[in-house]
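Chemist: please work out how this folds:
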Amino acid sequence: YRHFASKQALLESLCDRAMTRMLDGAEHITETVGDPHTALESLVDLHVAFAVSERALIGVWVREARSLSDDVRRSLRRRMRAYEQPWLQVLGDLREDLEPAEVAVVAGSTLAMLNGTAFTTPVVEPAAQARLLRRMALAALLAPLQARREQLAREHGRRVPMFVKIAPDLDEAQVGVIAA
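Modeler: Prediction:
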């Protein structure tokens, strides 16, 4: 408290720093990762790491957000919506079976699930919790794609990767060989 004028100022600073870190991370992912599946995995990893390492901050934010000034609350909400945009973009690219509003529900619900870990008592080590949360988030985000993959494996008697990253310098014939 010594460096802040009030408890509210401390909370504002903590939330602002956390939101900046998450927003910068998400923007960096969408700017540097071209493959939507890899980008989604990176977004999940970013949020899981935050949810596991910043449990207390998430809990404080949820409990104390109403004590923030209206301006600060609006600013943080606006930045949260900006943080969700890369999720919506990447998930929308992967989930052509969903309308944009449905993509928003799936992404928002997954983020809420991850943030909800702040209110549970950890019963496993943080690394194990992170692995489990990652699997849960990707399953929620990609369930229909994984179900289709399983169906195709049963039909064809073999399992193939869901996504394959192909070098951009390949010609059509080379891509055809890979796809065969």
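Chemist: name the element the residue minimising distance to the centre of the chain belongs to?
Modeler: With distances taken as Cα atoms, centre = their mean, the residue of the chain nearest its centroid is Val44 (3.6 Å). Counting by DSSP states H and E, the element that carries Val44 is helix 36-53.
Chemist: tell me what angle the helix or strand that that helix is followed by forms with helix 36-53.
Modeler: The helix or strand immediately downstream of helix 36-53 is helix 55-64, counting by DSSP H and E. Counting by axes from the mean of the first three to the mean of the last three Cα atoms, to 10 degrees, helix 55-64 lies at 80 degrees to helix 36-53.
Chemist: and helix 55-64, what's buried?
Modeler: Using 16 or more other Cβ atoms under 10 Å as the test for burial, helix 55-64 gives 55, 57-58, 60-61. Placement of C-beta: from N, CA and C, glycine included.
Chemist: now it: mean pLDDT?
Modeler: Across helix 55-64, the average pLDDT comes to 84.
Chemist: hmm, back to that, what's in contact with the helix holding Val44?
Modeler: 18, 21-22, 25-26, 29-30, 33, 58, 86-87, 90-91, 93-94, 111, 114-115, 117-118, 126, 129-130, 133-134, 137-138, 141-142, 162-163, 165 (Cβ atoms under 8 Å, 6 or more residues apart in numbering).
Chemist: chain center to it: distance?
Modeler: Centroid separation for helix 36-53 versus its chain: 5 Å, with Cα atoms, centre = their mean, to the nearest Å.
Chemist: could I get the buried residue list for that helix?
Modeler: Across helix 36-53, burial judged by 16+ other Cβ under 10 Å covers 36-37, 39-48, 50-52.
Chemist: helix or strand: which one has the spatially closest residue to Ala107 that is not a sequence neighbour?
Modeler: Distances taken as Cβ to Cβ, 6 or more residues apart in numbering put Trp87 closest to Ala107, at 4.4 Å, once the chain neighbours are dropped. Per DSSP H and E, Trp87 falls inside helix 70-94.
Chemist: Asp35: neighbour count?
Modeler: The local packing of Asp35 (other Cβ atoms under 10 Å) involves 15 other residues.
Chemist: and it, what are its phi and psi?
Modeler: Backbone torsions of Asp35, given as degrees, to the nearest 10, read phi -80, psi 120.
Chemist: picking that back up, Ser6: which of the buried residues of helix 36-53 is nearest?
Modeler: For the buried residues of helix 36-53, the closest approach to Ser6 (Cβ to Cβ) belongs to Phe50, at 25.5 Å.
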